[in-house]
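Participant: Sequence first, then the predicted structure:
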Number of protein chains: 2
Amino acid sequence: MTQTSFRSGCPINLGLEVFGDKWTLLIIRDMMFAGKRHFREFPASDEAISSNILSDRLTMLVSAGILTRAGDPSHKLKAIYSLTEKGIDLLPIIAQISRWSRSYMPVDPVLAATGEARDKGGPGAIDAQMAELRRLHLGEG
Amino acid sequence: MTQTSFRSGCPINLGLEVFGDKWTLLIIRDMMFAGKRHFREFPASDEAISSNILSDRLTMLVSAGILTRAGDPSHKLKAIYSLTEKGIDLLPIIAQISRWSRSYMPVDPVLAATGEARDKGGPGAIDAQMAELRRLHLGEG
DNA sequence: TCCTTTGATTGCAAAATGCAATCACTTGCT
DNA sequence: AGCAAGTGATTGCATTTTGCAATCAAAGGA
């Protein structure tokens, strides 16, 4: 009985059951845009995630197949988190959330700049960033 | 002091602070794809939202400017919820969540069909559905 | 040896969720 | 007029999740 029971088979619902909370996509954001790969890097963001929630979400994301966890060869206590293709493919969702917020919410202009540049670049800009993420995170499989 | 204090001015975060939970986007989904406009229609969905949470989210969505609430002229107790432009503009986010789930989650094929058709129609299909939602929800302002 | 860094875990208060029952009011039917 | 059904919620209460600070064991660096 290791089967998770979902509330429904609706695609919208299934996505929300995985990342429908206030923290999960911020972790993905930090990995994608700030290059964070180590546990202790995440609480440094403005939203200041606490370590218990961070630990919970990282474990969930690994078990969901969105991240992988590997040991750092140089430091035995250090873990390196990487995006999988499933994780990298969250970028279009994040880009749309960014676009929506830049239209309707009081965003910080400095933080909005990266999203504006991406929009200006068209669909090709997202594809390019996804290709770069594949290089960084799936480099040697 | 009616100002909500956000965790940060990051566009991703600001979106999550509004709809980053397991229910809000399902309500929007039901309005967009099932044409639901009345309180008692929502709990009929597979996920079976309970009335206290539904009430809380509808109030929040109205105060966030994503929905409007109007009385039904024929029934004094009946309320009609409508999407605003800000709400209609959530469709591209929902479409991306749908696309991601159809790639990576065990979606119900019947429920996935509408998303597949939308993808097959390209960006024009989303624009067309948004135009139709404007007609239905913003018809007479 | 001791101090720092690492990825967490623990304890506890506060908030959110989930579920069932109930509410005040209106409508439709007879 | 009377009464059942339908309306958008609210209430009470148990469970779960969140938020915050302190702490942990293992490893590395000096």
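Facilitator: Perfect, I can see it now.
Participant: A:F39 contacts A:T59, doesn't it?
Facilitator: No: applying C-beta atoms under 8 Å as the test, A:F39 and A:T59 come out as separate, 11.2 Å apart. No exception for glycine: its C-beta is placed from N, CA and C like everyone else's.
Participant: Between these two, tell me which one has more neighbours.
Facilitator: The neighbour comparison of A:F39 against A:T59 (other C-beta atoms under 10 Å in any protein chain shown) goes to A:F39, with 17 against 12.
Participant: Without its sequence neighbours, what residue ends up closest to the more buried one?
Facilitator: Once flanking residues are discounted, A:F39 sits nearest to A:A79: 6.2 Å by C-beta to C-beta, 6 or more residues apart in numbering or on different chains.
Participant: same thing with A:K36?
Facilitator: Residue nearest to A:K36 in three dimensions, not counting chain neighbours: A:D30, with 4.4 Å by C-beta to C-beta, 6+ apart.
Participant: so which helix or strand takes in the one you found?
Facilitator: Using DSSP states H and E, the element containing A:D30 is helix A:24-33.
Participant: other SSEs contacting that helix?
Facilitator: Helix A:24-33 is packed against helix A:11-19, helix A:51-63, strand A:79-83, helix A:85-88, helix A:91-104, helix B:11-19, with contacts defined by 3 or more C-beta pairs under 8 Å, 6 or more residues apart in numbering or on different chains; DSSP states H and E.
Participant: so how far is the second one off the chain centroid?
Facilitator: The offset between the C-alpha centroid of helix A:51-63 and the centroid of the whole chain comes to 12 Å, using C-alpha atoms, centre = their mean, to the nearest Å.
Participant: And the most centrally placed residue in chain A, how far from A:D89?
Facilitator: The structure's chain A has its C-alpha centroid closest to A:I28; by C-alpha atoms, centre = their mean the separation is 1.3 Å. Here the criterion is C-beta to C-beta, to the nearest Å. By it, A:I28 lies 11 Å from A:D89.
Participant: again with A:A128
Facilitator: For A:A128 relative to A:D89 (C-beta to C-beta), the value is 15 Å.
Participant: between those two, which one's more packed in?
Facilitator: A:D89 (18 against 12).
Participant: dump the residue contacts of that one.
Facilitator: Going by C-beta atoms under 8 Å, 6 or more residues apart in numbering or on different chains, A:D89 touches A:130, B:100, B:103-104.
Participant: tell me the contacts of the residue nearest to A:I93 when sequence neighbours are not counted?
Facilitator: Counting by C-beta to C-beta, 6+ apart, A:I93 lies nearest to B:Q96, which is 4.4 Å off, once chain neighbours are set aside. Neighbour list for B:Q96: A:92-93, A:96 [criterion: C-beta under 8 Å, 6+ apart].
Participant: Considering only the residues you listed, which also neighbour DNA strand D?
Facilitator: The subset of the contacts of B:Q96 within reach of DNA strand D, by C-beta under 7 Å from any atom of the strand, is empty.
Participant: List the buried residues in stretch A:97-110.
Facilitator: Residues of stretch A:97-110 classed as buried by neighbour count (16 or more other C-beta atoms under 10 Å in any protein chain shown): A:97-102, A:104-105, A:107.
Participant: Say whether chain B is contacted by it.
Facilitator: Yes: counting by C-beta under 8 Å from any C-beta of the partner chain, chain B is contacted by stretch A:97-110 at A:97-108.
Participant: Just send those back as CSV, with pLDDT and distance to DNA strand D too.
Facilitator: Output for the residues of stretch A:97-110 next to chain B, formatted as CSV (pLDDT from 0 to 100; distance: C-beta to the nearest atom of the strand, whole Å):
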residue, pLDDT, distance to DNA strand D
A:I97, 98, 18
A:S98, 98, 21
A:R99, 98, 24
A:W100, 98, 21
A:S101, 98, 18
A:R102, 98, 23
A:S103, 98, 25
A:Y104, 98, 22
A:M105, 98, 18
A:P106, 98, 20
A:V107, 98, 20
A:D108, 98, 20
